[in-house]
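[1] Predicted model, plus sequence, below.
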Amino acid sequence: MSKAGKRLSTAREGIDRKKLYSISEAVAFIKDAPKAKFDETVEVAMNLGVDPRHADQMVRGVVTMPNGTGKDMKVAVFARDAKADEAKAAGADVVGAEDLMEQIQGGDIPFDRIIATPDMMALVGRLGKVLGPRGLMPNPRVGTVTPDVTQAVKDAKGGSVEFRVEKAGVIHAGVGKASFDAKAIEENIKALVDAVAKAKPSGAKGSYVKRVAISSTMGPGIKVDVASVMPEA
């Protein structure tokens, strides 16, 4: 067995696959697990009672992590003239127009977030088939199509996380690093769950947040008692 395999096997020991753990217990497992050679991301998986094939059951939004994400976000901005200058001043990694479009069309897309001013969307729209599948297409609903590029860049750099429900009704999102202290991880997880709860679509019927599980990048999934992460908990 490889070292990674042994580590995962060790991490699974003591986890009851049938039990629902409180968020504090689940985070403790992650903190106590054997460490990888890199700072693992803490990931959340939420099963929702929605069918995103229906427009009125789509769940999408953005949330700012109260304790940041621990990730160095690479941000590209589509803007011209004064707005391009604003984006550069705010800390965007790449700012451009046709030149940025050509870079992306060529497959060079080392970005975690792409922002665009509204007047650039005719240009950005040509990249839908490239950016859409990667979840990078700018969208006004999550604040990535906006005239306020300064705030959008600062939000991206400062720890905002986009979420979007997948075909099976599941949301996956990274909420921080395993090196964070337990309280910071818990606060970030609760912030995500709260944002998803508030984004409940009009077409959702019955139970909305059905299951929540957390894991580290290389660790096993740990089922969490939904009540322990909901805002009213």
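    Arrived safely.

[2] Every contact and neighbour count from this point should use C-alpha atoms.
    Noted.

[3] Can you name the residues that contact the residue lying closest to residue 56 once chain neighbours are set aside?
    Leaving aside its chain neighbours, residue 56 sits nearest to residue 203 (4.8 Å; criterion: Cα to Cα, 6 or more residues apart in numbering). Counting by Cα atoms under 8 Å, 6 or more residues apart in numbering, residue 203 makes contact with 50, 56, 57.

[4] Check the gap between residue 203 and residue 193 for me.
    As for residue 203, its distance to residue 193 is 19 Å (criterion: Cα to Cα, to the nearest Å).

[5] Okay, buried residues for the helix or strand harbouring residue 122 please.
    Using DSSP states H and E, the element containing residue 122 is helix 121-124. Residues of helix 121-124 classed as buried: 121, 124 (neighbour count, 16 or more other Cα atoms under 10 Å).

[6] same thing with stretch 107-122?
    109, 112, 113, 114, 115, 116, 117, 118, 120, 121.

[7] part of a strand, is the first one?
    No. Per DSSP: H, G, I helix; E, B strand; the rest coil, residue 109 lies outside any strand segment and is coil.

[8] so it sits right up against residue 103, yeah?
    Yes. Judged on Cα atoms under 8 Å, residue 109 makes contact with residue 103 at a distance of 7.4 Å.

[9] Quick check: the farthest pair among the buried residues of stretch 107-122?
    109 and 118 (20.9 Å; Cα to Cα).

[10] Check the gap between residue 63 and residue 161 for me.
    Residue 63 is 5 Å from residue 161, by Cα to Cα.

[11] try residue 205
    26 Å.

[12] So which of the buried residues of stretch 107-122 belong to strands?
    Of the buried residues of stretch 107-122, the ones assigned to strands by DSSP state E are 113, 114, 115, 116.

[13] Quick check: phi and psi at residue 162.
    Residue 162 adopts backbone torsions of phi -90, psi 140, taken as degrees, to the nearest 10.

[14] Look up the pLDDT of it for me, please.
    Residue 162 carries a pLDDT value of 90.

[15] What about it, how many residues nearby?
    21 (other Cα atoms under 10 Å).

[16] List the residues that contact it.
    Here residue 162 is in contact with 60, 61, 62, 63, 142, 173 (Cα under 8 Å, 6+ apart).

[17] Same check on residue 184?
    66, 67.

[18] Show the pLDDT at it.
    pLDDT, residue 184: 97.

[19] so it is in which element?
    helix 182-198.

[20] what's the spacing between whatever helix or strand comes next after that helix and its chain's center?
    Downstream of helix 182-198, the first helix or strand assigned by DSSP H and E is strand 209-216. Computed by Cα atoms, centre = their mean, to the nearest Å, the separation of strand 209-216 from the middle of its chain amounts to 14 Å.

[21] Find the nearest non-adjacent residue to residue 143, please.
    residue 152 (6.7 Å).

[22] Wait, a strand at that neighbour?
    No. Assessed with three-state DSSP, residue 152 is helix; it does not lie in a strand.

[23] I'd like to know how far it sits from residue 14.
    For residue 152 relative to residue 14 (Cα to Cα), the value is 43 Å.

[24] Have a look at these two and say which one is more surrounded.
    residue 152 (26 against 8).

[25] got a list of what the more buried one touches?
    115, 143, 144, 146.

[26] Sort out for me which of those residues are in helices.
    Among the contacts of residue 152, DSSP state H puts none in helices.
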